[in-house]
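Asks: have a look at this fold, sequence not included:
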């Protein structure tokens, strides 16, 4: 006859399992925090890079990390969702009770580990497919790229259309009468694209002194002119200045700020500031097909640490909605960035009409990005002239 274990023995075994599980988790956490503490305490040249941390974070979802915990303590399995409806309910319950979001790996590790604090940003308005694992990310180039005066060899140049050569120039119904009301500049003016850099496959090395983000600024000035809106393109080589002064990449906004302030002092007509960048994300996150054409996606970044934050966020939100109405899926959304390890200002304290645009990524082509610039200026010009109409201001052509 098989003897049954007494309740006391069962309780003891169960308690022992819980203790072992707890000690395993505690040991794991102590190891992770110890390693992260050591890495973030090292001198900068030996410290783990933010890009490395970001790459690792992209491989995990909050749900995956929660599942790892469940493997250690099986009671967590009861909180893992099965069906779609149950998933929504359970995810909210887990978020409320543990502060862990299934879609945000930062919620489990990001606010505890020093190396993850760079992701302490917020999605104000999410575009299609945007979440905390693929939001725009500023990846500083390696020091050797900043200091090396040699550019990579170029390729596919015959595919690049001259950005200021429009095939069908428009005769605008309204104009700003020669006033240049938009200042376009590039804080990271040497950001480039892998399709045009021969032999370069590492996204962190996608920088070039000639073939770079500035072509989008040239395209935008031409587009705005077609819409009757005068603009000026600031061609200051910000990254070149950083190299000459021995400054690192983080000082780019400080350097571009000087040129913007000079432009504003010399031109009292400036109403909008537009800083154009490209993201370090890969093509699957930065490209969309609309009516059979490939467009580079666009994202709006708002500095959360400046007095004009609410005004700039409202403007970005308005442009995001206008783009989504005419070009569904083109916008990745509006992101708020700030905190100790982020700039958080981006020169947006200079006016309530400042924008930082992330157009495309390292894999996009100029053809894809030009289409997006055209789309942006299309909706921007409509909002601009609508606002002037509300204010009772008419353009030169309309007033005649």
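Replies: On my side now, so go ahead. Everything numeric here is computed off the predicted structure, so don't read it as measured data.

Asks: okay, now the nearest residue to residue 348 once chain neighbours are set aside: neighbour count?
Replies: Computed as C-beta to C-beta, 6 or more residues apart in numbering, the closest residue to residue 348 that is not its neighbour in sequence is residue 354, at 3.9 Å. Placement of C-beta: from N, CA and C, glycine included. Neighbourhood size, residue 354 [other C-beta atoms under 10 Å]: 25.

Asks: could you list every residue that touches residue 354?
Replies: Taking C-beta atoms under 8 Å, 6 or more residues apart in numbering, we find residue 354 in contact with 272-275, 308, 312, 346-348.

Asks: one more pass at 7 Å, please.
Replies: 273, 308, 312, 347-348 (C-beta atoms under 7 Å, 6 or more residues apart in numbering).

Asks: tell me which of those residues is nearest to residue 289?
Replies: Residue 289 lies nearest to residue 312 out of the contacts of residue 354, by C-beta to C-beta, at 30.0 Å.

Asks: for the closest one, the count of nearby residues, please.
Replies: Neighbourhood size, residue 312 [other C-beta under 10 Å]: 27.

Asks: again with residue 331
Replies: 28.

Asks: averaged pLDDT, stretch 267-284. What do you get?
Replies: For stretch 267-284, the mean per-residue pLDDT is 94.

Asks: if we can go back for a sec, which ones among the contacts of residue 354 lie within strands?
Replies: Judged by DSSP state E, the subset of the contacts of residue 354 located in strands is residue 273.

Asks: most neighbours out of the contacts of residue 354, which is it?
Replies: residue 348 (30 neighbours).

Asks: quick one: contacts for it?
Replies: Contacts of residue 348 by C-beta under 7 Å, 6+ apart are 302-303, 306, 308, 312, 354.

Asks: which of those fall within helices?
Replies: residue 312 (DSSP state H).

Asks: contacts made by stretch 379-386 with the rest, please.
Replies: With C-beta under 7 Å, 6+ apart as the contact definition, stretch 379-386 has outside contacts at 174, 224, 227, 229, 318-319, 322-323, 326.

Asks: buried ones among these?
Replies: 174, 224, 227, 229, 319, 322-323 (16 or more other C-beta atoms under 10 Å).

Asks: for residue 147, state which of those residues is nearest.
Replies: residue 224 (35.7 Å).

Asks: go ahead and confirm that closest one touches residue 183.
Replies: No - applying C-beta atoms under 7 Å, one finds residue 224 not in contact with residue 183, separated by 11.3 Å.

Asks: which residues of the stretch 51-200 of the chain score low on pLDDT?
Replies: 51-120, 138-139, 148, 163-170 (pLDDT under 70).

Asks: now the residue lying closest to residue 372 once chain neighbours are set aside, what are its backbone angles?
Replies: With sequence-adjacent residues excluded and distances taken as C-beta to C-beta, 6+ apart, residue 372 is closest to residue 296, at 4.6 Å. Phi and psi for residue 296, reported as degrees, to the nearest 10, are phi -80, psi 140.

Asks: if residue 296 is in a bridge, with which residues?
Replies: Here residue 296 sits in beta bridges with residue 287, going by DSSP bridges.

Asks: surely residue 256 and residue 185 touch.
Replies: Yes - here residue 256 reaches residue 185: they are 6.0 Å apart, a contact under C-beta under 7 Å.

Asks: so residue 315: helix, strand or coil?
Replies: helix (DSSP: H, G, I helix; E, B strand; the rest coil).

Asks: and it, what is it in contact with?
Replies: Counted by C-beta under 7 Å, 6+ apart, residue 315 has contacts 353, 355.

Asks: could you chop this protein up by domain?
Replies: 11-118, 143-399 (automatic domain parsing).

Asks: looking at the contacts of residue 354, which is nearest residue 332?
Replies: residue 312 (16.9 Å).

Asks: can you show me the helices along the protein?
Replies: 7-41, 50-58, 62-72, 84-98, 143-147, 214-226, 238-245, 252-266, 283-286, 309-326, 366-390, 396-399.

Asks: ends of stretch 135-146, what's the gap?
Replies: 25 Å (C-alpha to C-alpha, to the nearest Å).

Asks: report the buried residues of it.
Replies: Those would be 135-142, 145-146, for stretch 135-146 by 16+ other C-beta under 10 Å.
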